[in-house]
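Undergrad: I'll drop the sequence and a predicted model, then ask my questions.
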Amino acid sequence: MLDSKRSNQATYLILIALILCTLVFSSAITGVGNYALDDAYIVEHSVKGILINDESRFIKSTPWEGVTSPVYVALVTSMSLVMPLQLAHWVVGVVSTLLLVSGWYLVFLRYSINPVASAVAVGTGIMAGMSFYQLNNGLETGLAMAAATWTLLALDYDVTPRWGYILAGVQFFIRPELAALSGIFFAIILARRSVGWKKGGIIALCSFAIPATFIFLLTGALVSNTLSAKTYFFAEGCRPDALKLNFALSAVSSFIGSLGVFSIGFVFAILSRQRVALIFFALIFFIAYYKIFPGALFHNYHRYLYLLLPIAIFGWAAYIGHKNRKISLSGYVLGAVASIFVVYSSGSAFRFYLEEVRVVSLDNLQMSHWVERHVPQGSVVMVHDAGKISTVGEQPLVDLVGLKSAYSMAVHRQTTFKNCQRIPEAISNIAKNARASYMVVTADWDRIFGISQSLEYAGWSVERADTERGNSIYRVYKITYLN
């Protein structure tokens, strides 16, 4: 028994060391503080605003506006008090990943799977598909996946541990989607009449009430405006159900395809002791996005769908650790095939991550410095990716989507979403209200959403300002209202 415990601990420490070394190695290549997703820089901008108790760049906004994960931002803010902000941001991301790895390792151990096989399975999950990319995106993805994993683990104990109740109470403020998992958690606890469930309920209520009170006092609301802002701008929830369902299913299919053989774990979740929670969480998650914002399931290489990856982990654990020896053996064989597939494809996925970070973060930084040096200090710049540029320079900003600018969200609610299509006047009204004279837009967004075209249609002149930067990802335009 003692030797088994030592083996578990030794294997766990080796696993943690390997994951940590990989994270450090990748950061040494990309540089700490560089991310492929611009949203990550919104976190750092928000932290800076929180520390000075003021919004320094966005017109008529606040530091907490546009914050999807108050817990994640609060953790980065706390760490930034004792170390540089970029390092604090990286450390919180690393700790989130290690918490996830620890949870997954425990899942396999609780299904009586030997330590080495457990470690291999966890490593496979971390490298499957775009998992490594998502865990290093500078956002709360890893923390949310860890919270979901540990909440589900809490249901595996005869006596629900206190940390399970704490997580169930607070995880809504990590990712709003986790509120569904909290509801499922409490439904199962009540159905079981688990020992100590009344005290646990009080603990959960307190762990919810404390952050809820602070957030409400700071923002006047409990739910972040980010999902609403994106819902109104992308205007997909207003489309016919058949179209939305096809869109959502296509996203799920693409996500499953990117995971390859590893995705079979979702099927075997039916064998898990947590199958009720796993199935209902997946269903609620899918229905919510299908009804409100199906296209989001495609965004950032399926970033939102990775919140469901722990379901596959529980599925693999239940399959490999099945009490029937033949089923368990087949699980080991198929698991080995999945691991080989992931190892084979992980090299290209890792190189893609490194290149994406290098190219996007560099172009983003160069654009931000161009604006800082060439745009008059008092000129308002309209942006859609509101992150990196908000950490460089002093020009006033307005977010045309509405994450950081409430007026923009209201305009899209009354025009874009109401008409369920792109309305040129929407972008024009936002620019006129903010008195914007410059605009930053990526080439892809301009092509897909016709932002420059909308302004020109509504009576604006739109001229490329940073022509010397050539065929760049981010582009700066001088915009002038002619009517």
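TA: Received the coordinates, thanks.

Undergrad: tell me the buried residues in stretch 243-254?
TA: 244, 247-248, 251-252 (16 or more other CB atoms under 10 Å). From N, CA and C alone the C-beta is placed, and that goes for glycine too.

Undergrad: in helices, which of those residues fall?
TA: When DSSP state H defines the helices, the subset of the buried residues of stretch 243-254 inside them is 244, 247-248, 251-252.

Undergrad: now, which of those residues sits nearest Tyr290?
TA: The shortest distance between Tyr290 and any of these, using CB to CB, involves Ala248 and amounts to 4.1 Å.

Undergrad: quick one: that closest one from Ala288, how far?
TA: 10 Å (CB to CB, to the nearest Å).

Undergrad: got it, and Val94?
TA: Distance of Val94 to Ala288, given as CB to CB: 30 Å.

Undergrad: these two - which one has more neighbours?
TA: When Val94 and Ala288 are compared on other CB atoms under 10 Å, the one with more neighbours turns out to be Val94, at 18 against 15.

Undergrad: counting contacts, what elements does the host helix or strand of that one pack onto?
TA: Element membership for Val94, per DSSP states H and E: helix 85-110. Contacts of helix 85-110 with other secondary structure elements, assessed using 3 or more CB pairs under 8 Å, 6 or more residues apart in numbering; DSSP states H and E, are made with helix 2-30, helix 39-52, helix 70-79, helix 115-127, helix 131-135, helix 141-154, helix 309-320.

Undergrad: so which bits of that helix are buried?
TA: In terms of neighbour count (16+ other CB under 10 Å), helix 85-110 has its buried residues at 85-86, 88-94, 96-110.

Undergrad: would you turn the helices and strands packed on helix 85-110 into CSV with distance to Ala338 and mean pLDDT?
TA: CSV is the format used below for the helices and strands packed on helix 85-110 (distance: least, CB to CB, whole Å; pLDDT from 0 to 100):
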stretch, distance to Ala338, mean pLDDT
helix 2-30, 17, 90
helix 39-52, 30, 94
helix 70-79, 30, 97
helix 115-127, 6, 96
helix 131-135, 13, 96
helix 141-154, 19, 98
helix 309-320, 8, 98
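
Undergrad: and Ala443, what is it in contact with?
TA: Counting by CB atoms under 8 Å, 6 or more residues apart in numbering, Ala443 touches 471-473, 475.

Undergrad: top of these by neighbour count?
TA: Ranked by the number of neighbours (other CB under 10 Å), those place Arg475 first, at 22 neighbours.

Undergrad: contact partners of the helix or strand hosting that one?
TA: Using DSSP H and E, the secondary-structure element containing Arg475 is strand 474-481. Outside of strand 474-481, the residues that reach it under the criterion CB under 8 Å, 6+ apart are 363-364, 367, 370-371, 374-375, 382, 385, 428, 431-432, 436-443, 446, 452, 455, 459-466, 469.

Undergrad: and it, which strands flank it?
TA: In the sheet containing strand 474-481, its partner strands are strand 436-442 (antiparallel), strand 460-464 (antiparallel), by DSSP bridges.

Undergrad: distance from the longest one to the middle of the chain?
TA: When C-alpha coordinates are averaged (CA atoms, centre = their mean, to the nearest Å), strand 436-442 and its chain have centres 26 Å apart.

Undergrad: output that strand as PDB, restricted to C-alpha atoms.
TA: What follows is the C-alpha trace of strand 436-442 in PDB, where atoms were taken according to Å, rounded to 0.1, in the frame of the first residue of the first chain:
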ATOM      1  CA  ALA A 436     -13.800  58.400 -34.200                       C
ATOM      2  CA  SER A 437     -11.200  59.500 -36.900                       C
ATOM      3  CA  TYR A 438      -9.200  56.300 -37.100                       C
ATOM      4  CA  MET A 439     -10.100  52.600 -37.200                       C
ATOM      5  CA  VAL A 440      -8.100  49.400 -36.600                       C
ATOM      6  CA  VAL A 441      -9.500  46.300 -38.200                       C
ATOM      7  CA  THR A 442      -8.000  42.900 -39.200                       C
END
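
Undergrad: gap between the helix or strand following that strand and the chain center?
TA: Taking DSSP H and E as the definition, the helix or strand that follows strand 436-442 towards the C-terminus is helix 443-449. Helix 443-449 sits 22 Å away from the centroid of its parent chain (CA atoms, centre = their mean).

Undergrad: after helix 443-449, which helix or strand is next? Please name it.
TA: Once the chain leaves helix 443-449, the following helix or strand, as judged by DSSP H and E, is helix 451-457.

Undergrad: which residues are contacting that following helix?
TA: 384, 400, 422-424, 426-428, 431, 439, 441, 445-446, 462, 477, 479.

Undergrad: one more pass at 6 Å, please.
TA: The contact list for helix 451-457, computed with CB atoms under 6 Å, 6 or more residues apart in numbering, reads 424, 427, 441, 446, 462, 479.

Undergrad: need the max-distance pair from those.
TA: Pro424 and Val441 (14.6 Å).

Undergrad: those two: who's more crowded?
TA: Taking other CB under 10 Å, Pro424 and Val441 do not tie; Val441 has more neighbours (21 against 18).

Undergrad: and that one, how far is that from Gly169?
TA: Val441 is 40 Å from Gly169, where distance means CB to CB.

Undergrad: next one: Arg110
TA: With distances taken as CB to CB, Arg110 is found 23 Å from Gly169.

Undergrad: contacts only, for the spatially most central residue of the chain.
TA: Taking CA atoms, centre = their mean as the criterion, Thr141 is the residue nearest the geometric centre of the chain, at 3.8 Å. Residues counted as contacts of Thr141 (CB under 6 Å, 6+ apart) are Gln134.

Undergrad: again, but for Asp156
TA: Asp156 sits next to 110, 273 when contact means CB under 6 Å, 6+ apart.

Undergrad: quick one, grab the pLDDT at it.
TA: As predicted, Asp156 sits at a pLDDT of 94.

Undergrad: how about it, secondary structure?
TA: Here Asp156 takes the coil state, with states given by DSSP: H, G, I helix; E, B strand; the rest coil.
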